[in-house]
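Colleague: structural data only, the sequence is not supplied:
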């Protein structure tokens, strides 16, 4: 099990740490499909994309459909995400207005009130292009240590 970057660059160390934790949890490879992007490659989110700030990655978990992986990651968030960090985690479903189905992980910064914002986009035909908030979890405790 490993994180396969497939020639993509992911500069944010904390994003890489979360991808490693996901790979370890599932016991499967995590296959990155997109990481840092220039403006010419920004698809869907436009100028506010964390990909443009080099703080995001799109990926799939080997042998898991994105819906199942998303649910596991949401339910067991403390296994993956570190306290004091602000994350967004998006399931881009079969009706996405982006480049295709995938999971998106972004880190928007750090502060004492870390959280994970779980969103769904394109899960239904009516949800194409709509980023619906699924949950926001404040990370008051994490199984991840600073060295993870």
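Modeller: All right, it came through fine. Given the structure is predicted, the values throughout are model-derived calculations rather than measurements.
Colleague: avg pLDDT for stretch 95-114?
Modeller: When pLDDT is averaged along stretch 95-114, the result is 92.
Colleague: buried residues in it, which are they?
Modeller: Of all the residues in stretch 95-114, those buried under the rule 16 or more other CB atoms under 10 Å are 95-96, 98, 101-107, 114. C-beta here means a position set from N, CA and C on the backbone, and glycine is covered the same way.
Colleague: chain neighbours aside, what residue packs nearest to residue 5?
Modeller: residue 32 (4.9 Å; CB to CB, 6 or more residues apart in numbering).
Colleague: so which elements touch the one helix or strand the one you found maps to?
Modeller: Assigned by DSSP states H and E, residue 32 falls within strand 30-34. Contacts defined by 3 or more CB pairs under 8 Å, 6 or more residues apart in numbering; DSSP states H and E place strand 30-34 against strand 3-4, helix 13-26, strand 56-61.
Colleague: what segments of the chain are strands?
Modeller: With DSSP state E as the criterion, the chain has strands at 3-4, 30-34, 56-61, 85-92, 102-110, 115-121, 132-138.
Colleague: quick one, which of the ones you listed is nearest to residue 78?
Modeller: Nearest of these to residue 78, taken as CB to CB: strand 132-138 at 8.5 Å.
Colleague: next, the angle strand 115-121 makes with that closest one.
Modeller: 170 degrees (axes from the mean of the first three to the mean of the last three CA atoms, to 10 degrees).
Colleague: hmm, residue 85 is touching residue 12, no?
Modeller: No. Between residue 85 and residue 12 there is no contact under CB atoms under 8 Å: 10.2 Å.
Colleague: re earlier: want to throw the buried residues of stretch 95-114 into JSON lines with distance to residue 8?
Modeller: Shown next, in JSON lines, are these (distance: CB to CB, whole Å):
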{"residue": "95", "distance to residue 8": "24"}
{"residue": "96", "distance to residue 8": "19"}
{"residue": "98", "distance to residue 8": "15"}
{"residue": "101", "distance to residue 8": "17"}
{"residue": "102", "distance to residue 8": "12"}
{"residue": "103", "distance to residue 8": "14"}
{"residue": "104", "distance to residue 8": "13"}
{"residue": "105", "distance to residue 8": "13"}
{"residue": "106", "distance to residue 8": "14"}
{"residue": "107", "distance to residue 8": "16"}
{"residue": "114", "distance to residue 8": "26"}
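Colleague: all set now, cheers.
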